[in-house]
Each structure stands twice: as C-alpha cells, then as structure tokens.
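A.B. asks: The sequence and its predicted three-dimensional model are supplied below.
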Amino acid sequence: AGSATAQTTPADAPPAVEINADGLQRTEVRGLDLAFVRPGATLEGFNRVQLAPVQVAFRRNWERRVSTGTRTRVSARDMERIRDRLSTLIESEVREELARGGYALVEDTGDDVLAVQMAIVNLDITAPDLASTSRVRVYTTSVGEMTLVADLRDSSSDELLMRVYDRRVGRSSPQPRFTTRADNVMEARNAARAWARALREGLDAARTVTATP
C-alpha cells in the first residue's frame, strides 16, 4: 500500500502578511488609499506634531505635455510658483485640522513629538495658471490629479512608524469645460481638507493601535 503524504492546502496556510521594503506592514486607515505601519509600533503617547514643509513634484514630462500644441510654454518659474502655492495651501489646511484635533504644532523634537513629512507626487494640472501676458481660455474634462505620500516618524529617533498614500483626481465632466485658476485652487483645497481630516482621524485612531507581525 502506498504511503499517504500530508499536503498543506491554501486553507491550512496562514494568511500572507504584506511587508514593504521598509519593513512596514499594510494596514487600513479610513479615508486613505493605502497605509503601512511598522510591526510592533504604536503612535500612542504622541501629543505634539512637527510638520515639515510639504514637498511637491510634478508628473514626469508634465510641462512638455501641457505645452504641446500651444504657444504657451511652462517655465521653471511657473513650476516653482505652482509648487510654492500648493505646498502653502496644503500645509495651512493640515495645520488647521491638527490644531482643531488638539495636536500642538511644534518645531522641536521630543519623546511626545510625531514628525510628519508630507509630499505631493505625480502632480498633473491640465490647465495651469501660467505667467503669460496672453489671455487663453482653456477647456478641459478634468482639472488633473495628484498623490499624497506622508511619512510619520518618531521625532527623537527618526524611526519611520507609518507611511500613507492617497491619490486624488479632480472633478471631471463628459464635455470640456472652461477651467480657471480658481477651479484649480478649489480642487486642491478640497483634496487638502480631505487629507488633513483623514490624517487627523488616522492619528487619533492609530494612537492606541499596535500592529503585530
């Protein structure tokens, strides 16, 4: 008689744990697309926040695609101005929301200080406000999109505790619509407020949650 061999089926195997290259474990944070937390780490005890200036990066070759087929060209000064305005807008909304949640905003480090570094990547504005003397009416079906990447660290040790990602796409319409700088600002502010609220709520919830391997 043949010998029986025990086989492990998928049902018998433990569930896979998704760990990224930084050793962080995937978790859920309401209002954000994706979040990772360091196994065994906790945000409990952090009562103050050190918020770094928001970094902004455009989608690769964005300025070339915007300029294609038009007389208007996106200059380095245009890009720097857009970066500064978006960074200031997002930082303002986040600071206001965190303060509303009772988090003191500080510049120094400490055992109870959580360092938060936010960055906007893949910024793609379909009708940017450019420094041009010509008046050009731009029609689009969407104002564009951008993705948030935020790192939460222990300010004293600089250990990465959590990383979150969230992609936001501006309003869209089946037919092209006249798009202005005001539309861009409104969409950016809406995204910033949503991120600020999600981060504040996520911080509130995560302060007492510990990830386990």
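C.D. replies: Received it, and whenever you're ready, just let me know what you need.
A.B. asks: can you pull the contacts of A104?
C.D. replies: For A104, the contacting residues are 47-49, by Cβ atoms under 8 Å, 6 or more residues apart in numbering. Backbone N, C-alpha and C define where each C-beta goes, glycine included.
A.B. asks: Who wins on neighbours among these?
C.D. replies: V49 (24 neighbours; other Cβ atoms under 10 Å).
A.B. asks: Can you tell me how far the residue nearest to that one when sequence neighbours are not counted is from I19?
C.D. replies: Of all residues not flanking V49 in the chain, Y103 sits nearest, at 4.7 Å (Cβ to Cβ, 6 or more residues apart in numbering). Separation of Y103 from I19 (Cβ to Cβ, to the nearest Å): 29 Å.
A.B. asks: Looking at the two, which one has more neighbours?
C.D. replies: Y103 (20 against 14).
A.B. asks: Quick check: that one touching Q50?
C.D. replies: No - assessed by Cβ atoms under 8 Å, Y103 is found out of contact with Q50, at 10.3 Å.
A.B. asks: Figure out the helix or strand that the residue lying closest to V169 once chain neighbours are set aside lives in.
C.D. replies: Nearest non-adjacent residue to V169, counting by Cβ to Cβ, 6+ apart: E145, 4.3 Å away. In this structure, E145 is located in strand 144-154 according to DSSP states H and E.
A.B. asks: Could I get the full set of strands for this structure?
C.D. replies: 25-27, 34-37, 48-51, 55-58, 104-105, 113-125, 138-142, 144-154, 160-169, 172-179 (DSSP state E).
A.B. asks: For R64, grab the count of nearby residues.
C.D. replies: R64 - counted by other Cβ under 10 Å - has 10 other residues nearby.
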